[in-house]
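Chemist: What shape does this take:
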Amino acid sequence: MKANMRIKQTVKEHFTDVKDLLIHYSHMVATSDCQAAEEIIKQLRKQSSPDGDSTHRLVLVLADAPEARFTGTGSETYNRFVSKRISTSDILNIQYLLMTVTPFLRATYGIAKDRILKLDGVVKLKISGIDFPRPGFCPTERVDETGRRLAEYAKSFNAPFEYNGIVSKWDEICNEDLKIEKDELLVVNSTYRFRQLESIASDSLRNQVLNFIHGLTPKLFLHGVVSASFNPFFVTHFRQVMLHYASMFGIVDAFVPRENKVRQLIEREMLAREVLNLIACEGAASVERPETYKQWHLRNMQAVFEQIPVESALLGRSQKKLKANFDNRYFMEGDSNWILLGWRGKVLLALSMCKPKKGAA
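Modeler: Residues are numbered from 1 along each chain as shown. This is a model prediction of the structure:
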């Protein structure tokens, strides 16, 4: 009892800033100090709320994740998140909200469209949409629904269109699945999904997929990445996750009312799931594995891709659109032929344009 009172008093006296308290909490989790961790959790609960400001909501997520790691329930809790059925309409509402209040998706799609239109002189558009199987009885639901919506959109413009939906793990896809015909102009567009590929082994799935794409000899490989890197040492790892997601929660809080239902889906389902996996899951259960754009740049070069230079005119147009339509705390800049997107000085996403290097086997 005396030990608990002493811990409680120490917490009250020395940790007036909630983020400092979170870091201290990560130390207690790392050292398996049960008593101190339990006392800090109580204090954090008082400073967290699903309906408060961005800090209150972030604290709620960041307190839950180490607790799941501490109790060994991280994988079980994460699997419950994954098994939840989020309707197609909810997914579309999330995308619409994010495109409205952030420049990230809009800029990515705009740049991709600009580059593809410079190449695409054909009279028919063919898209292969690839996604992981969904849990439950309808594993192809999301891919099929995407195909239906794209077909309806193309029909409204009388545009010849063909869709090929593929539901598979990426390492199980072969050339035949893609149904690529001779002399087709091929573009590969991956938007912020490669962070979920295994990255640890020397012949990692991440490298295998890049090599597979190289073997397809696309005219253009558009590669969008979540630019972040998290140290394996838990306390440093926790701090890096906290800073990254403080930006994400801060963006949502700056532009979306707190009672907004779609905001709640973003925070309580999407962001909370990612944070839980990053902090509470290890080994094969660890799904979220982002790397910085510089690390991806090295991987792309090792897979014998060459960067296509970012035209100053393209970057200038994109920056002008961002400035005209979004808050000035967002930024876009170029570095090593990557286009960087971020918030308040912190790079969050990056986009590159590559092609297989000439003469490479």
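
Chemist: which residues in the stretch 201-350 of the chain form helices?
Modeler: Assigned by DSSP state H, counting those that start in this stretch, the helices in the stretch 201-350 of the chain fall at 205-215, 234-255, 261-265, 272-280, 293-302, 312-325.

Chemist: Need the winner for burial among those.
Modeler: Highest mean neighbour count of these: helix 272-280, a mean of 23 (counted as mean count of other Cβ atoms under 10 Å). C-beta: built from backbone N, CA, C; applies to glycine.

Chemist: Now do it: which elements does it pack against?
Modeler: Here helix 272-280 touches helix 54-71, helix 74-83, helix 234-255, going by 3 or more Cβ pairs under 8 Å, 6 or more residues apart in numbering; DSSP states H and E.

Chemist: Same list, those helices, but as a markdown table with distance to residue 161 and mean pLDDT please.
Modeler: Formatted as a markdown table, these follow (distance: least, Cβ to Cβ, whole Å; pLDDT from 0 to 100):
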| stretch | distance to residue 161 | mean pLDDT |
| --- | --- | --- |
| helix 54-71 | 40 | 91 |
| helix 74-83 | 32 | 90 |
| helix 234-255 | 34 | 95 |
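
Chemist: need these in JSON lines with distance to residue 308, can you?
Modeler: Shown next, in JSON lines, are the helices and strands packed on helix 272-280 (distance: least, Cβ to Cβ, whole Å):
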{"stretch": "helix 54-71", "distance to residue 308": "37"}
{"stretch": "helix 74-83", "distance to residue 308": "36"}
{"stretch": "helix 234-255", "distance to residue 308": "28"}
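
Chemist: got the residue ranges for the strands in this structure?
Modeler: For the chain, applying DSSP state E gives strands covering 125-131, 161-167, 187-191, 220-226, 305-307, 330-335, 338-343, 346-356.

Chemist: Now mean pLDDT too, for these, in a markdown table please.
Modeler: Listed next are the strands of the chain as a markdown table, based on pLDDT from 0 to 100:
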| stretch | mean pLDDT |
| --- | --- |
| strand 125-131 | 91 |
| strand 161-167 | 93 |
| strand 187-191 | 93 |
| strand 220-226 | 96 |
| strand 305-307 | 95 |
| strand 330-335 | 97 |
| strand 338-343 | 97 |
| strand 346-356 | 96 |
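
Chemist: Which of the residues in stretch 30-50 are classified as buried?
Modeler: Of the residues in stretch 30-50, 30, 33, 36-37, 39-41, 43-44, 48 count as buried by neighbour count, 16 or more other Cβ atoms under 10 Å.

Chemist: that older thread, so which of the strands of the chain is nearest residue 54?
Modeler: Nearest of these to residue 54, taken as Cβ to Cβ: strand 338-343 at 11.9 Å.

Chemist: quick one: strands adjacent to that closest one?
Modeler: strand 330-335 (antiparallel), strand 346-356 (antiparallel) (DSSP bridges).

Chemist: Using CSV, write out the CA atom coordinates for that strand.
Modeler: Coordinates of each C-alpha in strand 338-343 appear next as CSV, following Å, rounded to 0.1, in the frame of the first residue of the first chain:
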residue,chain,number,x,y,z
TRP,A,338,10.5,12.0,-54.3
ILE,A,339,7.5,14.3,-53.6
LEU,A,340,7.1,14.7,-49.8
LEU,A,341,3.8,15.5,-48.1
GLY,A,342,3.4,16.5,-44.5
TRP,A,343,2.0,18.5,-41.7
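
Chemist: and that strand, which residues are buried?
Modeler: Quick answer for strand 338-343 (16+ other Cβ under 10 Å): 338-343.

Chemist: now stretch 219-228
Modeler: Going by neighbour count (16+ other Cβ under 10 Å), the buried part of stretch 219-228 is 220-228.

Chemist: I figured residue 271 hits residue 247, correct?
Modeler: No: judged on Cβ atoms under 8 Å, residue 271 makes no contact with residue 247 at a distance of 10.9 Å.

Chemist: From residue 247, how far out is the spatially closest residue to residue 23 that is not a sequence neighbour?
Modeler: Spatially, and ignoring its direct neighbours in sequence, residue 23 is nearest to residue 239 (5.9 Å; Cβ to Cβ, 6 or more residues apart in numbering). The spacing between residue 239 and residue 247, counted by Cβ to Cβ, to the nearest Å, is 14 Å.

Chemist: List the contacts of residue 86.
Modeler: Contact analysis of residue 86 by Cβ atoms under 8 Å, 6 or more residues apart in numbering lists 265, 269.

Chemist: Show me this structure divided up by domain.
Modeler: 2-85+230-284, 102-229+287-356 (automatic domain parsing).

Chemist: quick one: which of those is nearest residue 91?
Modeler: Of the domains of the chain, nearest to residue 91 by Cβ to Cβ is domain 102-229+287-356, at 7.4 Å.

Chemist: ok, so of the buried residues of strand 338-343, who is nearest residue 105?
Modeler: Within the buried residues of strand 338-343, the smallest distance to residue 105 is 9.8 Å, found for residue 341 (Cβ to Cβ).

Chemist: in the sheet, who's paired with that closest one?
Modeler: Under the criterion used (DSSP bridges), residue 341 bridges to residue 332, residue 349.

Chemist: got the contact list for the nearest residue to residue 257 once chain neighbours are set aside?
Modeler: Leaving aside its chain neighbours, residue 257 sits nearest to residue 263 (7.2 Å; criterion: Cβ to Cβ, 6+ apart). Contact analysis of residue 263 by Cβ under 8 Å, 6+ apart lists 97, 252, 256-257.
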